[in-house]
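> here are the coordinates; sequence isn't available:
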């Protein structure tokens, strides 16, 4: 099944011409196979035919994607649908396949097709059904970074990213549809956006046509003077990390906000403390959970390193105008707290001196307090003599 799916999605080019009967009548499987192109109906026709020859029952599915309204079952109107995919009979129901996206891995249904009421054309009947909705973790990015900070505040970043779901098919499409020069320029712009003046050192990626493994990218760049320095303090912010909400700028909405593409982003970052410095301040953890998304981040110190973990989960949701102010408040809270994510380092000698000075001062104050301070009838010394405290009056004597 996977081999046939991969053949149709890759070897049959997607071309849509909605003129005449081709706008609603699929081309024969033989013609699609010979021409090596077709629209969603044509590619589905070929895949269904090949699966049936292999003894696998498969059927047409008419679907209104998220680009249009959902299916109204009581209205028999064919133009409610804007797409055609395939349903394969499965022991637990149906496995839905979309052969029109050449960079989609077998077994993953693109978000635009998820959670939609559809019409399945079985051989003997027409069935109403609903496509599955994936968990946010099925589509997103997991990245690890190692960041080295030198004495001048410059950084060298080693970043490894792995993609899944819609994010994976987008990245595969990017590499298949851009020249090597365009790809490198894109990375150069990306690192410069992360830290102005940053220079790309090298990058690599997996084969965009190898669907046996998840797609990955590796990136290395140098950003001069990324950190801010003030005397013996160094301030550092992690580059290439952004947390944002979709369409949360308006104070209010008249129509619902439909977030139909879930997302999962996870960052694990190791920051090397610059030589001669130690950690002075780490940001507080952030933990935000609401019906629309979750955001968690934390820092901790371990073996001359700072370890940062960040997790963002955007849930598929339809936010009504009444719910929108609550959504916007949570978004503003996340964005406000994310702006306060600076790490402070201080020179070790200064830190030790500050500690010793504070210890001396505390000792001196404690000694003075025990020798000279009394609660009642005591004496306090001044440059001009002794003060006597009697019944709330202060008298000086030589």
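Thanks, I have the structure now. Just so you know, these numbers come straight off a predicted model, no measurement behind them.
> Can you list the neighbours in contact with the helix or strand where residue 184 lies?
Assigned by DSSP states H and E, residue 184 belongs to helix 180-194. The contact list for helix 180-194, computed with Cβ atoms under 8 Å, 6 or more residues apart in numbering, reads 174-175, 178, 198-200, 203, 219, 221, 223, 239-240. For every residue, glycine as well, the C-beta is placed using N, CA and C.
> change it to 6 Å
198, 200, 203, 221, 239-240 (Cβ atoms under 6 Å, 6 or more residues apart in numbering).
> next one: stretch 86-105
With contact meaning Cβ under 6 Å, 6+ apart, stretch 86-105 is reached by 5, 8-10, 14, 40, 43-44, 47-48, 57-59, 61, 85, 109-110, 113, 120, 131, 169, 172-173, 211.
> okay, how far is it across that stretch, tip to tip?
Stretch 86-105 stretches 15 Å from its first residue to its last (Cα to Cα, to the nearest Å).
> Okay, buried residues for that stretch please.
For stretch 86-105, the neighbour count (16 or more other Cβ atoms under 10 Å) marks 86-88, 94-105 as buried.
> How about stretch 51-63?
Of the residues in stretch 51-63, those buried (16+ other Cβ under 10 Å) are 51, 58-63.
> Among those residues, which lie within strands?
Members of the buried residues of stretch 51-63 lying in strands (criterion: DSSP state E): 58-63.
> any chance you could map the helices in this structure?
2-11, 29-35, 40-53, 165-176, 180-194, 324-338, 348-372 (DSSP state H).
> Make CSV out of these and add distance to residue 305.
Listed next are the helices of the chain as CSV, based on distance: least, Cβ to Cβ, whole Å:
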stretch, distance to residue 305
helix 2-11, 42
helix 29-35, 56
helix 40-53, 50
helix 165-176, 28
helix 180-194, 21
helix 324-338, 22
helix 348-372, 15
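> Between the ones you listed, which one is closest to residue 231.
helix 348-372 (8.6 Å; Cβ to Cβ).
> Now do the closest residue to residue 7 other than its chain neighbours, the pLDDT please.
Spatial nearest neighbour of residue 7, chain neighbours left out: residue 50 (7.7 Å); criterion: Cβ to Cβ, 6 or more residues apart in numbering. Listed pLDDT for residue 50 reads 96.
> Just give me the neighbour total for residue 50.
By other Cβ atoms under 10 Å, the residues close to residue 50 number 19.
> what about it, distance to residue 122?
18 Å (Cβ to Cβ, to the nearest Å).
> Quick check: nearest residue in space to residue 277, chain neighbours excluded?
Residue 277's closest residue in space is residue 345 (Cβ to Cβ, 6+ apart), at 4.1 Å.
> cool, residue 316 as well?
In this structure, residue 316 finds its nearest non-sequential neighbour in residue 262, 4.6 Å apart by Cβ to Cβ, 6+ apart.
> Quick check: which of the helices of the chain is buried the most?
Highest mean neighbour count of those: helix 40-53, a mean of 22 (counted as mean count of other Cβ atoms under 10 Å).
> any residues touching it, and which ones?
Looking at what lies outside helix 40-53 - Cβ under 6 Å, 6+ apart - the contacts are 4, 8, 12, 26-27, 29, 32-33, 58, 83-84, 86, 99-100.
> by how many degrees do it and strand 58-63 diverge?
Orientation check (axes from the mean of the first three to the mean of the last three Cα atoms, to 10 degrees): helix 40-53 against strand 58-63 gives 160 degrees.
> How far off centre is helix 40-53?
The chain centre lies 35 Å from the centre of helix 40-53; the measure is Cα atoms, centre = their mean, to the nearest Å.
> now that helix against helix 2-11, angle please.
150 degrees.
> how about the residue nearest to residue 277, what does it touch?
234, 277, 280.
> Where does the prediction get shaky in the protein?
The model of the chain has pLDDT under 70 over residues 18-24, 349-398.
> Skip the chain neighbours and tell me the closest residue to the residue nearest the centre of it.
The chain has residue 265 as the residue nearest its centroid, 2.9 Å off, counting by Cα atoms, centre = their mean. Excluding the flanking residues, the one nearest residue 265 by Cβ to Cβ, 6+ apart is residue 312, at 4.4 Å.
> now residue 259
Per Cβ to Cβ, 6+ apart, closest to residue 259 is residue 317, 5.1 Å.
> Pull the number of nearby residues for the one you found.
If you count neighbours by other Cβ under 10 Å, residue 317 ends up with 18.
> From residue 119, how far off is it?
25 Å.
> which residues touch stretch 138-147?
155, 157-167, 263-271.
> Looking at the helices of the chain, which is nearest to residue 245?
helix 324-338 (3.5 Å).
> From the rest of the structure, what touches the closest one?
243, 245, 248, 253, 286, 288, 290, 292, 295, 319.
> repeat that for 10 Å
Residues from elsewhere that reach helix 324-338 (Cβ atoms under 10 Å, 6 or more residues apart in numbering): 241-257, 259, 283-295, 297, 310, 312, 317, 319-320.
> which of those residues are buried?
Counted by 16+ other Cβ under 10 Å, those give 241, 243, 245, 248, 253, 257, 259, 283, 286, 288, 290, 292-295, 297, 310, 312, 317, 319 as buried.
> Cross those against strands and list the overlap.
257, 259, 286, 288, 293-295, 297, 310, 312, 317, 319.
> give me phi/psi at residue 125?
Phi and psi for residue 125, reported as degrees, to the nearest 10, are phi -160, psi 170.
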